Each structure stands twice: as C-alpha cells, then as structure tokens.
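# Fold the following for me, if possible:
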Amino acid sequence: MSLRMSPRKGIRRVVPVLAALFTVAGLSTAVPLATASPAQAAIISGRCAYTSSEPTLSYDPSTYKTAVKQLQCELNWSLLYTPYLSVDGYFGSDTRAAVRTFQKCAGITVDGIVGPQTWSKLNYWAGSNNWLYC
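As a prediction, this is how the structure comes out:
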C-alpha cells in the first residue's frame, strides 16, 4: 500500500514539525513560516517577478515604469477574456482598458487607477490557478 499525500497536506504536516525543531534548537518562530511580507506580495512566483513595488498607477503612456510591467503581467494571468497585453512597462490605452475590465469583473470601483484595492485583487487572481471572467 502506497501512502501518498497532496502537497498541501504535506506542508500542513511539515510546518508544525519545523516549528518544533526551531524551538528545540532555540531559534525564534515569532515570524510565521508560511506568510509573505507585504513587500513580497506582488511577486507571483514563477509568473510575475518584475517588482514587489505596488505604487498607485494610472494612464501615462509616455512614462516607463517597472511596476507597470508587474501590473501587465498580473493582468495577463488574471483575466480570461481580455486580449493578451504586451508587458512593456507603459500604461497606455490597452492597459487602462484591461484594468477597467479587471476592476469590473472583480467587483471593485471601476476607475482605471491601480491602487491598493486593485493590487490586492490582482495579487490574488494572478497567483491563483483560476481565471477571473465576467
């Protein structure tokens, strides 16, 4: 008989064991082992890793920003029925349209401005294995 477990169950079993080993070794476990700091929240492992910065962004087609590349990548991983965005770092009309579509589908204020609420929803959907569609 083979004992196989899902990766999530395996992690749930390993984390308490690691915490106990850290305690025995005299190391602090005050920082949770399985949570990301806010600065790391924007980095979507294996998908979007341009920057962890989450500034407020809005339409500005003539200015290049690395955070816009992160935004464009996360939009590409989040929306099912939106044309693929070029990840070029410029917040042009296509990016603005995709942001507005995303905001509508996510049920948040549709203003085309990427602030904390939009970043939070983007981080969730871009990191999930599901698509947001409406």
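# For this protein, which segments count as helices?
Along the chain, the segments classed as helices by DSSP state H run 7-24, 66-78, 93-106, 116-127.
# list the helices and strands the shortest one packs on?
Applying 3 or more C-beta pairs under 8 Å, 6 or more residues apart in numbering; DSSP states H and E, we find helix 116-127 packed against helix 66-78, helix 93-106. Heads up, the C-betas are built off the backbone N, CA and C, glycines and all.
# can we see that at 6 Å?
helix 66-78 (3 or more C-beta pairs under 6 Å, 6 or more residues apart in numbering; DSSP states H and E).
# ditto for the third one
Contacts defined by 3+ C-beta pairs under 6 Å, 6+ apart place helix 93-106 against helix 66-78.
# Now with 10 Å, please.
strand 60-64, helix 66-78, helix 116-127 (3 or more C-beta pairs under 10 Å, 6 or more residues apart in numbering; DSSP states H and E).
# in it, what counts as buried?
94-96, 98-99, 101-103, 105-106 (16 or more other C-beta atoms under 10 Å).
# Gly89 and Thr109: what is the separation?
Distance, Gly89 to Thr109, by C-beta to C-beta, to the nearest Å: 25 Å.
# of the two, who's got more company?
Gly89 (17 against 12; other C-beta atoms under 10 Å).
# Look up how far Ser52 lies from the more buried one.
From Gly89 to Ser52 the distance is 16 Å (C-beta to C-beta).
# quick one: Pro83 and Asp94 touch, right?
Yes - applying C-beta atoms under 10 Å, one finds Pro83 in contact with Asp94, separated by 7.4 Å.
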